[in-house]
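**Q** what's the 3D shape of this:
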Amino acid sequence: MPPLTDIMNLPPNIPVGSGETILLVEAENLTRLVTTRVLTNLGYSVVEAGTVLEGFEQWQAHEQAVRLVVTDYHFKGPLTGMDLRLKVRARNGKQPVLLLIGSWWEAPTRETCAAASV
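**A** Prediction:
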């Protein structure tokens, strides 16, 4: 199978990684698999987690290497991606965390974002 960069028809000047580590926290296996493949084909190293707690454990284990945390906002269970962001930023206030939301109607309120300094 050809690399995803070939079949995605990316312009030649698109920024790609040089082995930087991204922590991907996503509950849906297929979404995590595809996203990991795309990021890997773009030159990034990916550490995966399927839950918020696993994500925080992986972040602790790879804290020095992780350049970006990418997490879904919604998870089945008591903790959300926002909870992960708060835990990570409490330990490292400069760690970039990208929260993804699949549906606008599931988005957190402005108040929730403001309370978390998002």
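**Q** can we go C-alpha only for contacts and neighbour counts from here?
**A** OK.
**Q** give the contact list for residue 81.
**A** Going by Cα atoms under 8 Å, 6 or more residues apart in numbering, residue 81 touches 52, 71-75, 99.
**Q** want to throw those residues into CSV with secondary structure, distance to residue 11 and pLDDT?
**A** Shown next, in CSV, are those (DSSP: H, G, I helix; E, B strand; the rest coil; distance: Cα to Cα, whole Å; pLDDT from 0 to 100):
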residue, secondary structure, distance to residue 11, pLDDT
52, helix, 34, 95
71, strand, 26, 95
72, strand, 27, 90
73, coil, 30, 86
74, coil, 32, 83
75, coil, 34, 83
99, strand, 26, 90
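**Q** Which one of those residues is nearest to residue 23?
**A** residue 71 (8.1 Å; Cα to Cα).
**Q** Quick check: bridge partners of the closest one?
**A** Beta bridges link residue 71 to residue 25, residue 99 when assigned by DSSP bridges.
**Q** quick one, what contacts it?
**A** 24-26, 81, 97-100.
**Q** In a markdown table: these, plus distance to residue 37.
**A** Converted to a markdown table, the contacts of residue 71 look like this (distance: Cα to Cα, whole Å):
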| residue | distance to residue 37 |
| --- | --- |
| 24 | 11 |
| 25 | 14 |
| 26 | 14 |
| 81 | 21 |
| 97 | 20 |
| 98 | 18 |
| 99 | 19 |
| 100 | 17 |
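**Q** List buried residues within those residues.
**A** Listed as buried from the contacts of residue 71 are 24-26, 81, 97-99; burial here means 16 or more other Cα atoms under 10 Å.
**Q** Farthest-apart pair in those residues, please.
**A** Taking Cα to Cα, no two of the buried ones among the contacts of residue 71 sit farther apart than 26 and 97, at 13.3 Å.
**Q** What segments of the chain are strands?
**A** In the chain, the strands defined using DSSP state E lie at 21-25, 45-49, 66-72, 97-100.
**Q** As TSV, those with distance to residue 59 would be great.
**A** Formatted as TSV, these follow (distance: least, Cα to Cα, whole Å):
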stretch	distance to residue 59
strand 21-25	7
strand 45-49	9
strand 66-72	7
strand 97-100	11
